[in-house]
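> After the sequence you'll find the predicted model.
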Number of protein chains: 2
Amino acid sequence: MLTSNTPFDLILQNIGKHITLDPTEVEFFISLLESKLIRRKDYLLQPGEICKTENFIVKGCLRTYSVDQDGVEHIVMFGIEDWWVGDLYSFLMATPAQYYIDALEDTLVLQINKQNLDLLYERVPKFERFFRLIIQNAFIAQQNRINQNLSFTAEQRYLEFVKKYPHFEQRIPQKQVAAYLGMTPVFLSMLRRKLAGK
Amino acid sequence: MLTSNTPFDLILQNIGKHITLDPTEVEFFISLLESKLIRRKDYLLQPGEICKTENFIVKGCLRTYSVDQDGVEHIVMFGIEDWWVGDLYSFLMATPAQYYIDALEDTLVLQINKQNLDLLYERVPKFERFFRLIIQNAFIAQQNRINQNLSFTAEQRYLEFVKKYPHFEQRIPQKQVAAYLGMTPVFLSMLRRKLAGK
DNA sequence: GGAAAAAATTAAAGTAGTTTAACAAATCAC
DNA sequence: GTGATTTGTTAAACTACTTTAATTTTTTCC
């Protein structure tokens, strides 16, 4: 089983980090998923739509972002392989989304809709624990980010980003990194030159 | 029951919003709590300590903050009545805390330690759901804050804060509001004068 | 493979927010 | 209640970051 290679290996491994499922539960869980391919530059979600699914990324890279009154994009999160992505508020409340989610690379996700997730909670309550743990981790990461946004200069934020996500730099265009870090692409370019010259 | 007035009413009501407990479960839950009074300006937690408890505020006001390399304080969250507060990472990982938590007013909290919380999850699995819901809401609020920190000017952030927490302004010194919003107290004072003159 | 589009770089001028410092007002603690 | 401490205000000088715009480099895609 460890060496098999189905589209579900990654998600089962992700779940296995937190809870243990028996084969029936695995099968039931998998039966609730749908897979979807999002091509580069296509949207998984746009503001005003209702976010119908939570999405586990099997392969690829997504970004969740908003666009301000001046048309500038601000990235709330990136998602890569092994991450869960969605507009949680829209999903839970069945309310119009406030974020765009689009693909920076061709991306394969496994989706679970609200009805199926509720069914899953009911039939396999262990998943309450699983999603509690997932969201606890996300909460902690976000709190760190808030703290750094308050405490750090643009340069410090950039250096921390590179340290924390060393592989992101090869993968994500610099202007997207700037939109995540809360600075302009021009300023990030200047920072990088300055840092390179050290 | 609705009109009784024990120290536990508020927390039971808080829980009742999300899950339903039978009397045995209520009693068991309450048996796991300890109450603690934190006097104004005293610490509930300091960096380097391990955060031993999650804390429900019955009365009063706490702030969670960090101090940067220049000695400037940055507030990650405020907590008032009916909120849960702690350094979640330190609590979960039994790792030295990175935040201070202190009291802006004399504050009464109900505390549950990790061992008791684990016991609670085991004996009353519904609490997995409860804390999942609590943290989901906290996650959504934080994501909003990140988005606003990226998208908004200092003025917009202040106006949103006042709109979202109208009662906080009477209760929390202006310099603390500034430390939460990511601006200097001097600048917030200037903003307020400008806005008042409109 | 090559034209077109998107991303990155550079420089210069501009601005939102900071810093410092001095004073005024409010709050605290005895 | 009052002196001491903390908080808030104002103004002026300063700076981290933005804006604009022109140029170069890289990537896309038919």
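Sure thing, it's come through. Numbering: from 1, shown residues only, chains lettered A, B, ... in the order given.
> Nearest residue to residue A:151 in space, please, no chain neighbours.
residue B:68 (4.4 Å; Cβ to Cβ, 6 or more residues apart in numbering or on different chains). Where you see a C-beta, it was placed from the backbone N, CA and C, and this is true even at glycine.
> my guess is residue A:95 meets residue A:114, correct?
No. The pair residue A:95 / residue A:114 is not scored as a contact, 12.0 Å apart, by Cβ atoms under 8 Å.
> Of these two, which one has the most company?
Each of residue A:95 and residue A:114 has its neighbours counted (other Cβ atoms under 10 Å in any protein chain shown); residue A:114 has more, 15 against 12.
> who touches that one in this structure?
By Cβ atoms under 8 Å, 6 or more residues apart in numbering or on different chains, residue A:114 lies in contact with A:52, A:53, A:91, A:92, A:94.
> residues near the residue nearest to residue A:151, how many?
14.
> I'd say it and residue B:74 touch.
Yes. Judged on Cβ under 8 Å, residue B:68 makes contact with residue B:74 at a distance of 6.4 Å.
> what is in contact with these two at once?
Common neighbours of residue B:68 and residue B:74 (criterion: Cβ under 8 Å, 6+ apart): residue A:151.
> tell me what the worst-scoring helix or strand of chain A on mean pLDDT is packed against?
Using mean pLDDT, DSSP states H and E, the weakest-scoring helix or strand in chain A turns out to be helix A:168-171, at a mean of 91. Helix A:168-171 makes packing contacts with strand A:73-80 when contacts are defined by 3 or more Cβ pairs under 8 Å, 6 or more residues apart in numbering or on different chains; DSSP states H and E.
> which non-adjacent residue is nearest the residue nearest the centre of chain A?
By Cα atoms, centre = their mean, the mean C-alpha position of chain A lies nearest to residue A:79, the distance being 3.1 Å. Leaving aside its chain neighbours, residue A:79 sits nearest to residue A:85 (3.9 Å; criterion: Cβ to Cβ, 6+ apart).
> Quick check: beta-bridge partners of that neighbour?
Applying DSSP bridges to residue A:85 gives these bridge partners: residue A:55.
> Can you give the domain ranges for chain A?
A:9-139, A:152-198 (automatic domain parsing).
> now check stretch A:100-107, is it near DNA strand C?
No. If you take Cβ under 7 Å from any atom of the strand as the test, stretch A:100-107 misses DNA strand C, and the best it gets is 8.7 Å.
> ok now that stretch, how far from the chain's centre?
Here the centre of stretch A:100-107 is set off from its chain's centre by 10 Å, with Cα atoms, centre = their mean, to the nearest Å.
> again with stretch A:18-30
On Cα atoms, centre = their mean, the centre of stretch A:18-30 falls 23 Å from the chain's centre.
> before we move on, what about stretch A:175-194?
Relative to where its chain is centred, stretch A:175-194 has its mean C-alpha point 21 Å off (Cα atoms, centre = their mean).
> Next, the buried residues of it.
Going by neighbour count (16 or more other Cβ atoms under 10 Å in any protein chain shown), the buried part of stretch A:175-194 is A:176, A:177, A:178, A:179, A:180, A:181, A:182, A:183, A:188, A:191, A:192.
> Just the mean pLDDT for that stretch, thanks.
Stretch A:175-194 shows an average pLDDT of 97 in the prediction.
> Need phi/psi at the residue nearest to residue A:151.
Dihedral angles of residue B:68 (phi, psi; degrees, to the nearest 10) stand at phi -80, psi -180.
> Compute the inter-axis angle for the longest helix seen in chain A and helix B:126-151.
Longest helix in chain A by number of residues, with DSSP state H as the criterion: helix A:126-151. Inter-element angle recorded for helix A:126-151 and helix B:126-151: 30 degrees (by axes from the mean of the first three to the mean of the last three Cα atoms, to 10 degrees).
> Pull out the buried positions in the helix or strand following helix A:126-151.
Moving toward the C-terminus from helix A:126-151, the next helix or strand (DSSP states H and E) is helix A:154-164. By 16+ other Cβ under 10 Å, the buried positions in helix A:154-164 come out as A:154, A:155, A:157, A:158, A:161.
> which bits of chain A sit near DNA strand D?
Within chain A, the positions adjacent to DNA strand D are A:40-41, A:70, A:72, A:153-155, A:182-184, A:186-187, A:190 by Cβ under 7 Å from any atom of the strand.
> Run through who's touching stretch A:18-36.
A:7-8, A:11-12, A:15, A:44, A:53, A:55, A:58, A:108-113, A:116-117, A:119-120, A:123-124, A:126-127, A:129-130, A:133-134.
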